[in-house]
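# prediction below, plus the sequence it came from.
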Amino acid sequence: MSATLPPSATSTPTDAASSHAELLEQLKAHLEPSLFAAVNGKFNSYENELQYARMKNQVLEERLRQQRIAKYGPGGEKLSNLQLELLDLEPGVSNVEVAAESERETLSSSSEDEKKRRQHPGRQTLPADLPRVEKIVACMPEQCVCRNCSADTLVIGYEVSEVLDVKPAEYFVQVTKREKRACKKCEEQGVATAPVAARIIDKSLVSDRIIIDTIVGKYGDHNPLYRQSVILLRDAGIDIGRATMCGWVMTVGEMLAPVVGAMRSQLLAGSYIQADETPVDVQAHDRRGKNHQSYLWQYGSPGGSVVFDFRVGRDREGPAHFLVNFEGILQTDGYAAYDRGIGGPKMVHAACWSHARRYFVDAIKLNKQDAGSVRIVELMDKLFAIDARARDEKMDHAARHALRQQEAPPLLHKIHAQILTMSGSVLPKSAAGKACNYALRLWKRLNIFLKYPELELSNNLAENSMRPIATGRKNWIHIGSKQAGPRVAAILSVVESCRRLKVPVRHYLADILPGLANTSIQRVAELTPAAWIARHTQANL
């Protein structure tokens, strides 16, 4: 990591030229060809070789810090380079030790009196709609008699406190008896039997509630099927294998596919979509023992439903197929697959300010003395503060748009000027250089929010919808097959849409799944989570 020093003032021109050539050879050996070409072209513009060597040294330090952070996990981001170096010298450092070191106060930290203290929110209240079960605690016998005159005391009130309680899951066998009727006089009329109630899976050994709990347990609570199978065996003494549970999941996924198709149509008929994608492993059945990396592409609108689309690759074929003829606003990160051949001719492509900000934050994590990146992040935070103020004051889109028009343009001008200045003094492949290049490349898309009142500054909502998948795949590891991918995507679409829309997912699935396979395709649009909550809201008015 040490940089070659420039020739001293007393060295001869021949020595300087030799040192100059030697420095170029060292840089060529350490840097990637593209990076070396970019920097070598600016070599003569630098005041001396020392500045050049310092910039090369900065790149190498950033790479080393990135490797160490990747090695020690998120806790390593808070550590200084010296702390990371000391951890490298210790064998067998645990995650607990890294976390403890990251929480250690630095010498420059301010005193407790100078820190902002978060105001305590007070005791939390329990939801009013939960049923209350009262338990009256009587006074002790000696408290029921007056200590002065020995007369019986009277109850004058109660000290009331509330705690959240739970009943353990109780498994039972539901026995259904359907009446059979016949006329004793007219035997030729035969026997009439009460109709069979619609079920999710006919002749299944378990009830609809068990199947729904299995679905929500896996895709809502990230509880893999093998673990649920063990719980059933432990708590109910029922041995239901994973293969059987997997059959339930595939059946429900297939049943929900038409509903998700209607959700997609409703989404494309709107004017604003946020998109993102995340990898998910798919079990390969080719005896190589390796999973195939596929992708779940997510499309949703703020305050509305979300649809996941399973694809075996990450190329533009996925969004091109899903967004065909879409004419509204598409907001994404800077991934190139969204750039060409996506949507209709009138589609507007907007970028995400959170992604642009994140690159500069990453540069600060690598170099806390990067004043330029710190300044840019501060300016971007002021931009986000405009929308935060609009949320706090409960402004509608029109009022927020007026506030943006008034306060955002001066900030945008300062941010752009700061990035342009910084881009000329940093290496293109450094963390700060990548941040500048990303923001400048997408600058026009980043400014589109000034034209469209409904457009958010970031697509964080889309990223938040990806977090359950990231958490889930750590538990259920992979999707069983490529054929299972679309069915899993359908279940995830419904579960995440219910979460966004605050629809009770168990009630929703219990309402629509029984008999769904026999429902007319014309009625499917009435069964989406958005239509379901609208129908129930209207019924309660």
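Alright, I've got the coordinates.

# distance of Leu64 from Leu366?
The gap separating Leu64 from Leu366 is 9 Å, by CB to CB, to the nearest Å. The C-beta positions use only the backbone N, C-alpha and C, and glycine is treated the same way.

# these two: which is more packed in?
Leu366 (21 against 16; other CB atoms under 10 Å).

# residue contacts, the more buried one?
If you count contacts by CB atoms under 8 Å, 6 or more residues apart in numbering, Leu366 has them with 61-62, 65-66, 431.

# most neighbours of all the residues you listed, which one?
Ranking the contacts of Leu366 using other CB under 10 Å puts Ala431 first, with 26 neighbours.

# name the nearest residue to that one, sequence neighbours excluded.
Leaving aside its chain neighbours, Ala431 sits nearest to Ala363 (3.9 Å; criterion: CB to CB, 6 or more residues apart in numbering).

# show me what contacts the one you found?
370, 373, 430-432, 434-435.

# how about the residues you listed in JSON lines, adding secondary structure?
Converted to JSON lines, the contacts of Ala363 look like this (DSSP: H, G, I helix; E, B strand; the rest coil):
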{"residue": "Asp370", "secondary structure": "coil"}
{"residue": "Ser373", "secondary structure": "helix"}
{"residue": "Ser430", "secondary structure": "coil"}
{"residue": "Ala431", "secondary structure": "helix"}
{"residue": "Ala432", "secondary structure": "helix"}
{"residue": "Lys434", "secondary structure": "helix"}
{"residue": "Ala435", "secondary structure": "helix"}
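
# so which residues of the stretch 151-300 of the chain form strands?
For the stretch 151-300 of the chain, the strands defined by DSSP state E, counting those that start in this stretch cover 180-182, 191-193, 272-282, 292-300.

# looking at these, which is closest to Cys146?
With CB to CB as the measure, strand 292-300 is the member of the strands of the stretch 151-300 of the chain nearest Cys146 (67.2 Å).

# how far off centre is the closest one?
13 Å (CA atoms, centre = their mean, to the nearest Å).

# can you point out the buried residues in it?
292, 294-300 (16 or more other CB atoms under 10 Å).

# ok, stretch 382-391 next?
Those buried within stretch 382-391 under the rule 16+ other CB under 10 Å are 383, 386-387, 390.

# and stretch 330-349, by the same measure?
So, applying 16+ other CB under 10 Å, buried residues of stretch 330-349: 330-334, 337-338, 342-343, 348-349.

# just give the nearest non-adjacent residue to Gln189, would you?
Gln189 sits nearest to Cys183 (CB to CB, 6+ apart), 5.4 Å away.

# for Pro195, see how far away the one you found is.
Relative to Pro195, and taking CB to CB, Cys183 is found at 19 Å.

# so between the two, which is more surrounded?
Cys183 (11 against 7).

# what strand or helix carries the residue nearest to Ala431?
helix 353-366 (DSSP states H and E).

# mind saving the C-alpha coords of that helix as PDB?
Taking Å, rounded to 0.1, in the frame of the first residue of the first chain, the C-alpha atoms of helix 353-366 are listed here in PDB:
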ATOM      1  CA  TRP A 353     -32.200   9.800  -5.100                       C
ATOM      2  CA  SER A 354     -31.500   7.300  -2.300                       C
ATOM      3  CA  HIS A 355     -29.300   5.200  -4.600                       C
ATOM      4  CA  ALA A 356     -27.400   8.300  -5.700                       C
ATOM      5  CA  ARG A 357     -26.900   9.300  -2.000                       C
ATOM      6  CA  ARG A 358     -25.900   5.800  -1.000                       C
ATOM      7  CA  TYR A 359     -22.800   5.900  -3.300                       C
ATOM      8  CA  PHE A 360     -21.500   9.000  -1.500                       C
ATOM      9  CA  VAL A 361     -22.300   7.400   1.900                       C
ATOM     10  CA  ASP A 362     -20.200   4.400   0.800                       C
ATOM     11  CA  ALA A 363     -17.400   6.700  -0.100                       C
ATOM     12  CA  ILE A 364     -17.600   8.300   3.400                       C
ATOM     13  CA  LYS A 365     -17.500   4.900   5.000                       C
ATOM     14  CA  LEU A 366     -14.200   4.200   3.300                       C
END
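
# distance check, the residue nearest to Ala431 against Ser373.
4 Å.

# what is in contact with these two at once?
What both Ala363 and Ser373 touch, as defined by CB under 8 Å, 6+ apart, is the set 432, 435.

# about what we covered before: tell me how far the residue nearest to Gln189 lies from Thr193.
From Cys183 over to Thr193 (counting by CB to CB), the distance is 14 Å.

# can you list the low-confidence ranges for the stretch 51-200 of the chain?
For the stretch 51-200 of the chain, the stretches flagged by pLDDT under 70 are 51-52, 69-123.

# possible to save the buried residues of stretch 382-391 as CSV with distance to Thr421 and pLDDT?
Shown next, in CSV, are those (distance: CB to CB, whole Å; pLDDT from 0 to 100):
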residue, distance to Thr421, pLDDT
Leu383, 18, 94
Ile386, 23, 95
Asp387, 26, 93
Ala390, 30, 94
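
# out of those, which one sits closest to Leu461?
Looking across the buried residues of stretch 382-391 and measuring by CB to CB, the closest to Leu461 is Asp387, at 12.8 Å.

# are we agreed that the closest one is in a helix?
Yes - going by three-state DSSP, the assignment for Asp387 places it inside a helix.

# and for it, nearest residue in space, chain neighbours not counted?
Counting by CB to CB, 6+ apart, the residue nearest Asp387 is Leu457, at 5.7 Å.

# so what's that neighbour up against?
352-354, 383-384, 387, 449.

# next one: Val377
Here Val377 is in contact with 357, 360-361, 364 (CB under 8 Å, 6+ apart).

# and it, what pLDDT?
On pLDDT, Val377 comes in at 93.

# tell me if it really is in a strand.
No - under three-state DSSP, Val377 sits outside any strand and is assigned helix.

# could you measure from it over to Met422?
On the measure of CB to CB, Val377 and Met422 end up 12 Å apart.

# now Asp339
25 Å.

# what's the answer for Ala351, then?
Ala351 is 19 Å from Met422, by CB to CB.

# which helix or strand in the protein has the lowest average pLDDT?
Using mean pLDDT, DSSP states H and E, helix 95-102 stands out as the lowest-scoring helix or strand of the chain, at a mean of 52.

# in the stretch 351-500 of the chain, which spans are helices?
All helices of the stretch 351-500 of the chain, identified by DSSP state H, counting those that start in this stretch, fall at 353-366, 371-392, 397-423, 431-441, 443-446, 460-476, 485-501.
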